[in-house]
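>>> Sequence and predicted model, in that order:
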Amino acid sequence: MDRLQSIETFVRVAQTQSFAEAARQLRVANSVVTTRVKQLEEFLGAPLFHRSTRVVRLSDMGQAFLRDCTELVARADSIVDQMREARGTPSGTLRVHALTGMVLGRFASLLREFQSTYPDIHLELIVSDAVADPVKAGVDCALQIFPAASQELVSRPLFPVRRVLCATPAYLKAHGEPVTPRELHRHKLGLYSGYPTRDRWTFHHQGEQITIYLAAALLTNSVHLLREYALEHAGIVCLPTLVAGDAIARGDLRVVLSDHQLSSFSLSAVYAGTSRNALKLRLFIEHIATRFTRVPPWDATLIERGLIPSELIEFSRSSG
């Protein structure tokens, strides 16, 4: 029995609460995971899990064993990473979950640059609008605008994600341009379904807040679909400037209610404090952070042209 390998497998099963998911993440057969855990249980002389056809949960022994095992696996990986860093050759696989709307159109060049700098680091990027717990999903970090799923996770903000309402000049000519947020009720709206505030929208205007509930003609988890919807002159949509910036700069889309700001989220790297790939993850996060500042380039262009305000209103759960 490879003791460290068996311990790592036990940790993965405990984190995912699934033998099958642990096998998928470790890229081995289900039987291999079962055998490794069984060998470890035989070595310890006690069961680590209570198993049923539907549930895998830790036994008392497993619960007592898990924390130390998690730290052991992380420490072992850290030692290997430090040795590779001393040789100047960090290597291995880094798994990242990222929101679709946050990476399409902006991240390919960043990934190319990162791999040019660290050619022995292989990236596995899972792109989805689903909220991911990096531990249960078996990834090293999740790039997301949502709060961390638990206090055991670290969340490092990378850059602000501003939101604007916009439409084509042709749509606004045909249907009129709203002057106040409440006038949005008279328009067809395209809205993103994944924001924590749901149907509740808070606008900030001259130090005051206006909160209204908006019904969408198109509600979707794809900000790229919303952009295409707007470009079809179908209505007013809410988009991150990350996605809409180029179209706004070209004049294909026009910002509406620019003096009534929506709050901004932060794109954050969310990861476990005991990440197995601490070195590779640190290098990746630092690479992103150095490329995107407090005012990312797509916002800087719009601010310079006076198309969006320079001030930033951070999202808070109390105001939305």
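Cool, the structure landed. Numbers count the residues shown, from 1 in each chain.

>>> Leu267: what secondary structure?
Secondary structure, DSSP: H, G, I helix; E, B strand; the rest coil: Leu267 is strand.

>>> which is the next helix or strand following the lowest-mean-pLDDT helix or strand in the chain?
Sorting the helices and strands of the chain by mean pLDDT, DSSP states H and E puts helix 60-86 at the bottom, at a mean of 77. Using DSSP states H and E, the next helix or strand after helix 60-86 towards the C-terminus is strand 92-98.

>>> looking at the chain, which residue ends up farthest from its center?
The centre of the chain is farthest from one residue, Gly45, which by Cα atoms, centre = their mean lies 40.8 Å away.

>>> got the angle for the least confident helix or strand of the chain vs strand 92-98?
Orientation of helix 60-86 against strand 92-98 (axes from the mean of the first three to the mean of the last three Cα atoms, to 10 degrees) gives an angle of 110 degrees.

>>> can you give me how far helix 60-86 is from the chain middle?
Per Cα atoms, centre = their mean, to the nearest Å, the displacement of helix 60-86 from the mean C-alpha position of its chain is 25 Å.

>>> Show me what that helix is packed against.
Counting contacts by 3 or more Cβ pairs under 8 Å, 6 or more residues apart in numbering; DSSP states H and E, helix 60-86 is packed against helix 3-16, helix 278-291. To be clear about C-beta, it is placed using only N, CA and C from the backbone, and glycine gets the same treatment.

>>> tell me the most buried of these?
helix 3-16 (a mean of 20; mean count of other Cβ atoms under 10 Å).

>>> What would it look like as PDB? C-alpha coordinates only.
Extracted in PDB, the C-alpha atoms of helix 3-16 (Å, rounded to 0.1, in the frame of the first residue of the first chain):
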ATOM      1  CA  ARG A   3       0.300   5.200   2.300                       C
ATOM      2  CA  LEU A   4       0.300   8.800   1.100                       C
ATOM      3  CA  GLN A   5      -1.600   7.900  -2.100                       C
ATOM      4  CA  SER A   6      -4.200   6.100   0.000                       C
ATOM      5  CA  ILE A   7      -4.500   9.100   2.400                       C
ATOM      6  CA  GLU A   8      -4.900  11.500  -0.600                       C
ATOM      7  CA  THR A   9      -7.700   9.200  -2.000                       C
ATOM      8  CA  PHE A  10      -9.400   9.200   1.500                       C
ATOM      9  CA  VAL A  11      -9.300  13.000   1.600                       C
ATOM     10  CA  ARG A  12     -10.700  13.300  -1.900                       C
ATOM     11  CA  VAL A  13     -13.600  10.900  -1.100                       C
ATOM     12  CA  ALA A  14     -14.300  12.800   2.100                       C
ATOM     13  CA  GLN A  15     -14.400  16.200   0.300                       C
ATOM     14  CA  THR A  16     -16.600  15.000  -2.600                       C
END
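
>>> So, low pLDDT: which residues of the stretch 201-320 of the chain?
Applying pLDDT under 70 to the stretch 201-320 of the chain flags residues 275-276, 316-320.

>>> can you pull out the strands in it?
208-213, 218-220, 236-240, 254-256, 261-262, 265-272 (DSSP state E, counting those that start in this stretch).

>>> just those strands: most buried one?
strand 236-240 (a mean of 26).

>>> how much space is there between the most centrally placed residue in the chain and Val13?
Centroid check for the chain by Cα atoms, centre = their mean gives Gln144 as the closest residue, at 2.0 Å. As judged by Cβ to Cβ, to the nearest Å, Gln144 and Val13 stand 25 Å apart.

>>> Confirm that Leu123 sits in a strand.
Yes - judged by three-state DSSP, Leu123 forms part of a strand.

>>> my guess is it meets Leu110, correct?
No - contact criterion Cβ atoms under 8 Å: Leu123 and Leu110 do not qualify, at 10.7 Å.

>>> what's the neighbour count on Ala230?
26 (other Cβ atoms under 10 Å).

>>> Identify the spatial nearest neighbour of it, chain neighbours not counted.
Val237 (4.3 Å; Cβ to Cβ, 6 or more residues apart in numbering).

>>> Now do stretch 41-49: distance from first to last residue.
When the termini of stretch 41-49 are compared using Cα to Cα, to the nearest Å, they are 9 Å apart.

>>> neighbouring contacts of it?
The contact list for stretch 41-49 (Cβ atoms under 8 Å, 6 or more residues apart in numbering) reads 1, 3, 6, 10, 13-14, 37, 40, 56-59, 61-62, 65.

>>> Let's see that with 10 Å instead.
Residues outside stretch 41-49 that contact it (Cβ atoms under 10 Å, 6 or more residues apart in numbering): 1, 3, 6, 10, 13-14, 17, 19, 37-38, 40, 55-66, 69.

>>> Flag every buried residue along that stretch.
Using 16 or more other Cβ atoms under 10 Å as the test for burial, stretch 41-49 gives 41, 47-49.

>>> Could you check how far Ile288 is from Asp133?
From Ile288 to Asp133 the distance is 20 Å (Cβ to Cβ).
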